[in-house]
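Visitor: Sharing a model prediction with you, sequence too.
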Amino acid sequence: MVVASLAFVEFLVIILARDIYLNGLHIYTLGASSPNLAIPEHYMVPVRIILEVDAMSIFMAIITATVSLAAAIYSLAFMKEETGQSRFYTLLLLLVAGMFGMELTGDLFNLFVFLEIASIAGAALTAFRTRLADTAEGGFKYIVVSSVAALMVLFATGILYAQYNLLNMGALAHVMQYTMLDKMALVLLVIAFMMKLAGVPLHMWCPDTYSVAPASITIMLIVASYACLYALFRTCFTLYGVGADMVTVGWIVIVIGILTMFVGVTMAVFQTDIKRLMAYHCISQTGYMLLGIGVGLAVLNRPEALNTYGIAAMDGGIFHIINNALYKGLLFLTAGALFHRTSTRDLNKMGGLAHKMKWTTVFYIIGALSISGIPPSNGFASKLLIYESVYRFNPILAIVAMITSILTLASFTKAFYSAFMGAELPEYQEVKEVPKTMIAGMAILAAGIIFFSLFPGLVVDHLAHPAAAALISREAYINGIMGGGG
Amino acid sequence: MSILGLGYSPWSPIFWLLAFVVVTIMAYFFRRRGQKKYKKDTAQTKVFLCGEEVPEAKQRHIRAHNVYWGFFETMKEYYEANMKTHTGIINDYIIWFLVLIAISAIILFIVGIV
């Protein structure tokens, strides 16, 4: 039932995406006589909650729908032995609702509400397998970090509401005065979302949580963190955008991005717990996205630089989001498959599993090659876009990004060798491949990786570039509300 | 659809795959010209470690903590400093959060966004 409903959601998202790419931005005003009626009669500003969906929002919704579907299919077998199945799938759907809400809403307070919903559901799902050690701690850390971040979002929302009597992001962007209080709200929003997407030095909760959550939930937590990345983009580009000189904010994002990349990967290569290793890589890969988007932000007010390399950097950063959701999701599912059969996450205890788990091995190789940016993978295509464009902005940043990629390959080679290679170990003589539904969950993501690897031009031209263009065209988002909607 | 337009040059995975297939065929061709006296299921297929007796699978598998030992030894100071900050204590995570907010606010107020 859950899988069927998520498959239907995927179908609806694809239909909506097609409509948005053909006809442009859409709004939906909740409780209005007409969904397009953003501003009620006799009012000058929007007062109702409005969903506003442009190419960037729907891009994120596609990721959420696809990964959630794969996670639900994978969970069928992975969570089969656990008690409280109905509670698990209820929380899973609540998490999906929270992520969609964050991505599709045009209202700042509504964004906070959905952030809370996703955080509570995420924490409960992380701690769901209470019979295992550390799950409660992982869930606790997730909810504390999420709550503090959400409180700062609420504080920033309050600051803006106190000044402008508005909560709608398009309307707020329309009247933004860039006062000292606005600057403070910007800092709070940026750092709060950085906390949620595990940018260094706010990343430390991430391995603690991702490593203990069920594999299918870990990949959904990754997508939840990308919903916060989306909120960060929306804040910087739409709420503040070209009305302000974003060079400083862009450089803050770039510096955190570079630190995130480097610290994430160097910590990853050191790990011997396969899920902690992957969690640190999750942090590291977020750095690439921050770098690409940070460069776009830094040159937002320089049209020549923006057109020469800024948009390409943003295309790369956005393309990397969907790539990372696919290959990182796949890698976490393979780690979950290993745990499912060996009952350990410790790479020191594993070995020779390729003899017994051939499908898992193949999926791991696909994911590892892709995350390491080995041609002709989709990871290579998005990283190449980032390298080239960032090199034109500042060569040193591109060099750090390349070193990070080399260390990524080293790290996944270590994990591959330790878990899959070598002779069959006696303790794993009885190990067999995971159930078919788990293979199906991994296969969905692997198929996505292969498709994106073969047709990067298609993805960039029809998904990433329209999303980047939607971020840059702040006026279109504002007009969606103040101009009566589309 | 498969070509990604970049600033300096386009990227096409299809051409890359074609090149890969050509190189693979060449490698196969050279391999076929190699040693033909190889015998399957003989002593030739056994692991040879300096003539010593081959240890059990469990003993000869190099464990994860030994991989890249030299790298970690060289980077020891970096890792020691880094491990100190990764305390696992949630209070420290929140302190980092507050510190970063303070630093970012100071930078923004000094440099300004308008």
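Guide: Sure, I can see it. All of these numbers come straight from a predicted model, not from anything done at the bench.
Visitor: contacts, neighbours, all on C-alpha from now
Guide: OK.
Visitor: Backbone dihedrals for the residue nearest the centre of chain B, please?
Guide: Nearest to the geometric centre of chain B sits residue B:68, at 10.5 Å (Cα atoms, centre = their mean). Main-chain torsions, residue B:68, degrees, to the nearest 10: phi 60, psi 30.
Visitor: Can I get stretch A:79-92 as CSV, trimmed to CA atoms?
Guide: The C-alpha coordinates for stretch A:79-92 follow below in CSV (Å, rounded to 0.1, in the frame of the first residue of the first chain):
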residue,chain,number,x,y,z
MET,A,79,12.4,-4.0,8.1
LYS,A,80,10.4,-7.2,7.9
GLU,A,81,11.7,-8.6,11.2
GLU,A,82,11.0,-5.4,13.1
THR,A,83,7.9,-4.9,15.2
GLY,A,84,5.6,-1.9,14.7
GLN,A,85,5.5,-2.0,10.9
SER,A,86,2.4,0.3,10.7
ARG,A,87,4.1,2.9,12.9
PHE,A,88,7.3,2.7,10.7
TYR,A,89,5.5,3.3,7.4
THR,A,90,3.3,6.0,9.0
LEU,A,91,6.4,7.8,10.1
LEU,A,92,8.0,7.2,6.7
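Visitor: tell me which residues of that stretch are tucked away?
Guide: Residues of stretch A:79-92 classed as buried under the neighbour-count rule (16 or more other Cα atoms under 10 Å in any protein chain shown) are A:79, A:88, A:89, A:91, A:92.
Visitor: Surely residue B:63 is in contact with residue A:414?
Guide: No. Between residue B:63 and residue A:414 there is no contact under Cα atoms under 8 Å: 9.5 Å.
Visitor: Check whether the lowest-mean-pLDDT helix or strand in chain B comes into contact with chain A.
Guide: Every helix and strand of chain B was ranked by mean pLDDT, DSSP states H and E. The lowest is helix B:57-60, at a mean of 76. Yes. Against chain A, helix B:57-60 shows contacts by Cα under 8 Å from any Cα of the partner chain at B:57, B:58.
Visitor: Please enumerate residues in contact with whatever helix or strand comes next after that helix?
Guide: Remark: after helix B:57-60, the chain's next helix or strand is helix B:69-74, criterion DSSP states H and E. The contact list for helix B:69-74 (Cα atoms under 8 Å, 6 or more residues apart in numbering or on different chains) reads A:270, B:79.
Visitor: if we go to 6 Å?
Guide: Contact with helix B:69-74 is made by no outside residue, as judged by Cα atoms under 6 Å, 6 or more residues apart in numbering or on different chains.
Visitor: go on, stretch A:86-94?
Guide: With Cα under 6 Å, 6+ apart, stretch A:86-94 has contacts from residue A:121.
Visitor: pLDDT averaged over that stretch - what is it?
Guide: Stretch A:86-94 comes out with an average pLDDT of 94.
Visitor: Pull the distance from it to the chain's centre.
Guide: 20 Å (Cα atoms, centre = their mean, to the nearest Å).
Visitor: and if you look at stretch A:462-478?
Guide: 18 Å.
Visitor: More neighbours: residue B:63 and residue A:414, which one.
Guide: Between residue B:63 and residue A:414, counted using other Cα atoms under 10 Å in any protein chain shown, residue A:414 has the larger neighbour count: 24 against 20.
Visitor: For residue A:176, report the pLDDT, please.
Guide: In this model, residue A:176 carries a pLDDT of 91.
Visitor: The closest residue to it other than its chain neighbours and residue A:445: what is the separation?
Guide: Spatially, and ignoring its direct neighbours in sequence, residue A:176 is nearest to residue A:240 (7.3 Å; Cα to Cα, 6 or more residues apart in numbering or on different chains). Between residue A:240 and residue A:445 the distance is 35 Å, computed by Cα to Cα, to the nearest Å.
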